[in-house]
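**Q** Here is a sequence with its predicted model. Questions after.
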Amino acid sequence: MNFTGKLGRRGAQLVLVLLATSSFAAVQAQTIISEVLYDASSSDNGSVFVELFGTPGTLLDGLLLEGVNGADGGIYRSVLLAGTIPPDGIFVIGDDSGDGTTLVSAADLVREVDFQNGPDSIVLRDGAVVLDALGYGDFTGGVFAGEGSAAPDAAAGDSLARFDLFVDMDNNLLDFSVLELPTPGSVPVDAVPLPPAVLLFLSGIFGLVGIARKRG
């Protein structure tokens, strides 16, 4: 990976996380789903992922990701998580190719996370407590296990990504958008609103490293 590009993305992420944990009350206290690719442009095997966002240092051991079938509400997949959210606040679970490896280069954990295409839901659970849930697709006559209204069903190769990591409106339609270029392990900087002083600081960083990122 290009060093300056990685520095720009990760540096901006670290600034956001440090600012949020030190001075912004709007930061999420619990871990949330930040991006999901459930339908790769070719084979899903080893190529799909689920990305989480949370406070750096948060222990994920024992948390579950559940796949809920939109047809009957049955849980068709239950994925036990492990590990700790790294300093940048982003934790990526890459799909297992079948031999314990994944094609998702930014993966912090390898698990079987090939969730079904919509309409379906993915639920992040800590025991009986639901931390977050994402439902996608048309649930007419189906069972919705997400929050608020469903997010759109992304086309093959596109992901669903949270608009703003620091705000959870408990409504998938408002919280998520479709990305034509998935970004596992990184956060599009324009996805998070910042004070003018911070924007000026970050613009200086991006001017030095020559990095520009945008949502698809």
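**A** Structure received. Residues are numbered from 1 along each chain as shown.

**Q** mind checking how far Phe166 is from Phe53?
**A** Computed as CB to CB, to the nearest Å, the Phe166 to Phe53 distance reads 9 Å. C-beta: built from backbone N, CA, C; applies to glycine.

**Q** quick one, which of those two is more surrounded?
**A** Shown here are Phe166 and Phe53; by other CB atoms under 10 Å, Phe53 has more neighbours (24 against 20).

**Q** which stretches of this structure have low pLDDT?
**A** Scanning the chain for pLDDT under 70 picks out 1-29, 187-216.

**Q** Swap in 90 and give it another go.
**A** 1-30, 42, 166-167, 186-216 (pLDDT under 90).

**Q** Okay, strands next: where are they in it?
**A** 32-37, 49-53, 64-69, 75-80, 90-95, 109-111, 120-126, 129-136, 159-162, 176-179 (DSSP state E).

**Q** what about those, which gets the closest to Asp153?
**A** Closest approach to Asp153 among those (CB to CB): strand 129-136, 5.3 Å.

**Q** which residues touch that closest one?
**A** Defining contact as CB atoms under 8 Å, 6 or more residues apart in numbering, one finds that strand 129-136 is touched by 30-33, 36, 38, 63, 68, 70, 118-125, 144-147, 150-154, 160, 168, 172, 176.

**Q** now with 7 Å?
**A** Strand 129-136 has contacts (CB atoms under 7 Å, 6 or more residues apart in numbering) with 30-33, 36, 118-125, 144-147, 150-154, 160, 172, 176.

**Q** Repeat that for stretch 45-53.
**A** For stretch 45-53, the external contacting residues (CB under 7 Å, 6+ apart) are 31-38, 40, 65, 89-98, 102-104, 107, 113-114, 122, 165, 184.

**Q** which residues does the residue lying closest to Asn69 once chain neighbours are set aside contact?
**A** Nearest residue to Asn69, sequence neighbours excluded (CB to CB, 6 or more residues apart in numbering): Tyr76, at 5.1 Å. Counting by CB under 7 Å, 6+ apart, Tyr76 makes contact with Gly67, Asn69, Gln116.

**Q** can you pick the most crowded of the residues you listed?
**A** Greatest neighbour count in these, by other CB under 10 Å, goes to Gly67: 22 neighbours.

**Q** Which strand residues bridge it?
**A** Counting by DSSP bridges, Gly67 forms beta bridges with Arg77, Ile122.
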